[in-house]
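Participant: next come a sequence and a model predicted from it.
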Amino acid sequence: MKTYLGKMRGERTRRPFVGWQDAFWSWLGAFSGMALICWLSAGWLSNGLLIVGSFGATSVLIYAAPESPFAQPSHVLFGSMVSAAVGVGCYQWLGATPMSMALAVSLSILVMQLTHTVHPPGAAAALIAVAGGDNLHALGWWFPLVPIGAGCLIMLMVAILINNLARHRRYPRYW
């Protein structure tokens, strides 16, 4: 029992310092990516179709932690789309119930791990697919493509352009 509880203490570690330049590039990327998604959604699409809550978390990863494995393009795109599809399937099978929400999140994690595309906001996309409103549920199997796939592609294009403007940044690390 002592060993088990000892694991919960964590370890002392030095946290990396983030300078103002890195913070600026992260801000610029997040602002540009989300502004483009919001502009496209308001200007060309109806009902804010491209605006999904999980995109906020995706922005943190691809703009503020671009070296993370979770931020790499294959993880962002496929992890999000596969998870959204899992969520749609759970909703269509069990409706918007607590069981389907729990299944959507847990199954999306399982599928992302098995496909080597873990992207934490993907689990949020799965949950959104189940817990979303009538407009979202009306999308059905389109939800993984639009808004999830399209939004991820837009953010990835912006991340590739913005992150590589800084001399000390390189994105992606791998595809």
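Facilitator: Cool, the structure landed.

Participant: can you give me the buried ones in the helix or strand hosting residue 111?
Facilitator: Residue 111 is part of helix 98-114, with elements assigned from DSSP states H and E. Going by neighbour count (16 or more other CB atoms under 10 Å), the buried part of helix 98-114 is 100-101, 103-105, 107-109, 111-112. All C-beta atoms are positioned from the backbone trio N, CA, C, and that covers glycine.

Participant: same check, this time on stretch 25-45
Facilitator: Within stretch 25-45, the residues scored as buried using 16+ other CB under 10 Å are 25-26, 28-30, 32-34, 36-37, 40-41.

Participant: any low-confidence regions in the chain?
Facilitator: By pLDDT under 70, the weakly predicted segments of the chain are 44-48.

Participant: try it again with 50
Facilitator: For the chain, no stretch is flagged by pLDDT under 50.

Participant: and the lengthiest helix in it, how far out from the chain's middle?
Facilitator: When the chain is parsed with DSSP state H, its longest helix is helix 20-43. Chain-centre distance of helix 20-43: 15 Å, with CA atoms, centre = their mean, to the nearest Å.

Participant: and for it, what's in contact with it?
Facilitator: With CB atoms under 8 Å, 6 or more residues apart in numbering as the contact definition, helix 20-43 has outside contacts at 48-51, 55-56, 59-60, 62-64, 147, 151, 154-155, 158-159, 162-163, 165-166, 168-169.

Participant: re earlier: and the helix holding residue 111, what does it pack onto?
Facilitator: helix 80-94, helix 120-131 (3 or more CB pairs under 8 Å, 6 or more residues apart in numbering; DSSP states H and E).

Participant: what's that helix in contact with?
Facilitator: Here helix 98-114 has contacts from 75, 79, 82-83, 86-87, 90-91, 93-94, 118-119, 122-123, 125-127, 129-131, using CB under 8 Å, 6+ apart.

Participant: how much space separates residue 144 from residue 126?
Facilitator: With distances taken as CB to CB, to the nearest Å, residue 144 is found 10 Å from residue 126.
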